[in-house]
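# quick one: sequence plus predicted model below, questions after.
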Amino acid sequence: MDIVDDIFTYNVGYHSYEESEYTQLLHSEEFTEQQLLEWVTEAIIQIMRESGRKRYSKKFEGWYEYLHSRVIDYLVENKGFKELKFQASFSLFGWSSIFTDNWGKQVSDDNMSVIRRAVREAGYTQWDEMNHDSWTENAISECTWEHWKEWY
């Protein structure tokens, strides 16, 4: 497979404690993070200019996440970027257990169901920390550090 030397990739996005979104962009020229910052800033100013408003409410309107898709559009339309399209993607809810459905109907994830089934069929289980008193003192005393470090 040939490596493409004349295409550069850029990752533009945002994150918070609860969510994130990143868009991968392609360009035939190499730019610095500083240049990217300047263009994102330029895009935000242009978006605000186009709104015709000078004042915005404190709630939501000043949050970058609501501007992200328009910033990406600006970079594509005005700076020559192209959005990277993926043939396939894989993502899981990061707090889901590979052993049990610990989120129930709150998080429906078919991919995690496939992984859980494979983990069970391979014979792997999880011990219940909340119910560890079912272990006997002998079983605990027989465990060496080699056994315990696998869990940490």
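Good, I have the coordinates.
# list the helices and strands the helix of greatest length in the chain packs on?
Counting residues, the longest helix found in the chain (DSSP state H) is helix 33-51. Where contact means 3 or more C-beta pairs under 8 Å, 6 or more residues apart in numbering; DSSP states H and E, helix 33-51 is packed against strand 8-15, helix 68-79. From N, CA and C alone the C-beta is placed, and that goes for glycine too.
# tabulate these in JSON lines, adding columns for distance to residue 52 and mean pLDDT.
Formatted as JSON lines, the helices and strands packed on helix 33-51 follow (distance: least, C-beta to C-beta, whole Å; pLDDT from 0 to 100):
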{"stretch": "strand 8-15", "distance to residue 52": "25", "mean pLDDT": "95"}
{"stretch": "helix 68-79", "distance to residue 52": "15", "mean pLDDT": "97"}
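# residue 79 and residue 39 touch, don't they?
Yes. At 5.7 Å, residue 79 counts as touching residue 39 under the criterion of C-beta atoms under 8 Å.
# neighbour count: the two, which is higher?
residue 39 (19 against 16; other C-beta atoms under 10 Å).
# show me the contacts for that one.
74-75, 79 (C-beta atoms under 8 Å, 6 or more residues apart in numbering).
# where along this protein do the helices fall?
33-51, 68-79, 110-121, 137-142, 145-148.
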